[in-house]
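# only geometry, no sequence info:
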């Protein structure tokens, strides 16, 4: 009987350690999401296909914290939507299912080749007004991330 209690104690201690580790990871991931910054790395390949306008986008994520944000989250952290703005006016968006974000402490992660659908009327208006440009400083991006049971909006 003492042997059975030892096994139960070992299983209980292991379960407690695993639970504490999970809570710590959740806390670390929350801190990274709260402090994460983003910027547009590159906008390229403007094209029109089947009456819709598209552009390819690379977005850099930056982790300024001392916490690692690793891809081993079993799909618990997902980039779901990316919105593009030109001088604070929404001009397009992409729905994206990126699951594996490897963002160690004090590092960067590049989301590449995001195919973003542009809002045609807004793009035509910017083009006709001569305001459409390729200067990434005139563009902002918002990323919608599902993580830890809620949606986080990371804004540039």
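On my side now, so go ahead. Here the structure is a predicted model, which means the values were calculated and not measured.

# so how far is stretch 145-156 off the chain centroid?
With CA atoms, centre = their mean, to the nearest Å as the basis, stretch 145-156 stands 8 Å off its chain's centre.

# which parts of that stretch are buried?
145-147, 152, 154 (16 or more other CB atoms under 10 Å). All C-beta spots, glycine's among them, are computed from the backbone N, C-alpha and C.

# ditto for stretch 88-98
So, applying 16+ other CB under 10 Å, buried residues of stretch 88-98: 91-94, 96, 98.

# redo these as TSV? Include distance to residue 134, pLDDT and secondary structure.
TSV is the format used below for those (distance: CB to CB, whole Å; pLDDT from 0 to 100; DSSP: H, G, I helix; E, B strand; the rest coil):
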residue	distance to residue 134	pLDDT	secondary structure
91	13	91	strand
92	15	91	strand
93	19	92	strand
94	18	91	strand
96	22	73	strand
98	25	68	strand
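
# can you tell me which two in those residues are farthest apart?
91 and 98 (21.3 Å; CB to CB).

# what's the helix or strand for the most centrally placed residue in the chain?
What sits nearest the mean C-alpha location of the chain, by CA atoms, centre = their mean, is residue 79, with 4.3 Å. Secondary structure from DSSP states H and E places residue 79 in strand 77-86.

# now residue 113
strand 107-118.

# one more: residue 67?
Judged by DSSP H and E, residue 67 forms part of no helix or strand.

# list the contacts of it.
When the contact criterion is CB atoms under 8 Å, 6 or more residues apart in numbering, the partners of residue 67 are 28-29, 31-32, 105.

# ok, now residue 111?
Here residue 111 is in contact with 58-61, 79, 82, 96, 98 (CB under 8 Å, 6+ apart).

# min pLDDT across the residues you listed, which one?
On pLDDT alone, residue 98 ranks lowest of the contacts of residue 111, at 68.

# picking that back up, quick check: angle from the strand holding residue 79 to strand 107-118?
Interaxial angle of strand 77-86 relative to strand 107-118 (axes from the mean of the first three to the mean of the last three CA atoms, to 10 degrees): 60 degrees.

# identify each buried residue in strand 77-86, please.
77-79, 81-86.

# list the neighbouring strands of the strand holding residue 113 plus their orientation.
In the sheet, strand 107-118 lines up against strand 52-63 (antiparallel), strand 89-98 (antiparallel) (DSSP bridges).

# buried sites along that strand?
Applying 16+ other CB under 10 Å to strand 107-118 flags 109, 111, 114, 116, 118 as buried.
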